[in-house]
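S.K.: build the 3D model from these lines:
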Amino acid sequence: MNRVELKAKAKEKIKGKIGILFLITLIIGVVSALASLVLSLIPVVGSVASAIIVTPAFTLSTIRIYLNLKADTKPEVGDAFSGFDDFWSAFKVNFFVGLFTFLWSLLFVIPGYIKSISYSMSMYILAENKGKAALECIEESKAMTEGHKMELFVLSLSFIGWILLGSITLGIAFIWVLPYMQATFANAYYSLKPDAPVADGISGDIPSEE
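M.R.: Residues are numbered from 1 along each chain as shown. Okay, here's the model as predicted:
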């Protein structure tokens, strides 16, 4: 996985599409905020309902958009809601990734972070395989990232400067930085995908593996 090449290809793919990508991001942000506001009126469970109901589907939508850039498919406003056609699968992937990461974090922060990298391709796998079982997505993600965790970690670190730039510019730079990051990680998924072995089954995931 060549980090420089992944980022160069990402810049190429988002070129000329920043406007529509920003509009899609804005729509997702506004709808998410409104949903959070409305759901917060529900006693007890309302405060977390938006994160559980809306966030996974929008995450899936976003990943689909950037995976489609690989095939030069031009994003459209309606794509912002594409993840809702597989809402239940997105919810389950999000839930199990969060649960397993939390369990590993109980063994200290570092194991939890390492496992979060292992699971990081789960939603990408679902994006290409509608309705795929959540645990299968997680198992395949673990297989894909095996031997590449450090590369993915360094790839994440390489955006720190860009994130700081976005903060310094009061978020203005994020109009370009966020698509750049999303497109880069979509490219990372494609670069790892050919090397991933097919999982024979679900082995489960409790804090006992390496």
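
S.K.: in the helix of greatest length in the chain, which residues are buried?
M.R.: When the chain is parsed with DSSP state H, its longest helix is helix 18-39. Across helix 18-39, burial judged by 16 or more other CB atoms under 10 Å covers 20-21, 24-25, 27-28, 35-36, 39. All C-beta atoms are positioned from the backbone trio N, CA, C, and that covers glycine.

S.K.: stretch 97-110 too?
M.R.: Applying 16+ other CB under 10 Å to stretch 97-110 flags 97, 100-101, 104-105 as buried.

S.K.: average pLDDT for it?
M.R.: Taken as a whole, stretch 97-110 has an average pLDDT of 88.

S.K.: picking that back up, of the buried residues of stretch 97-110, closest to Ser141?
M.R.: Checking those against Ser141 by CB to CB gives Val97 as the nearest, at 8.5 Å.

S.K.: now do the contacts for the closest one.
M.R.: Residues in contact with Val97 (CB atoms under 8 Å, 6 or more residues apart in numbering) are 116, 119, 122-123, 138.

S.K.: redo the residues you listed as TSV? Include secondary structure and neighbour count.
M.R.: Formatted as TSV, those follow (DSSP: H, G, I helix; E, B strand; the rest coil; neighbours: other CB atoms under 10 Å):
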residue	secondary structure	neighbour count
Ser116	helix	17
Tyr119	coil	22
Ser122	helix	26
Met123	helix	25
Ile138	helix	25
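
S.K.: can you lay out those residues as JSON lines showing pLDDT and distance to Asn68?
M.R.: Below are the contacts of Val97 laid out as JSON lines (pLDDT from 0 to 100; distance: CB to CB, whole Å):
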{"residue": "Ser116", "pLDDT": "93", "distance to Asn68": "25"}
{"residue": "Tyr119", "pLDDT": "96", "distance to Asn68": "22"}
{"residue": "Ser122", "pLDDT": "97", "distance to Asn68": "18"}
{"residue": "Met123", "pLDDT": "97", "distance to Asn68": "15"}
{"residue": "Ile138", "pLDDT": "96", "distance to Asn68": "23"}
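
S.K.: what are the ranges of the helices in the protein?
M.R.: 3-14, 18-39, 46-53, 55-69, 87-105, 109-118, 122-128, 134-145, 149-157, 160-168, 174-192.

S.K.: compute the inter-axis angle for the fourth one and helix 174-192.
M.R.: Calculated by axes from the mean of the first three to the mean of the last three CA atoms, to 10 degrees, helix 55-69 forms an angle of 70 degrees with helix 174-192.
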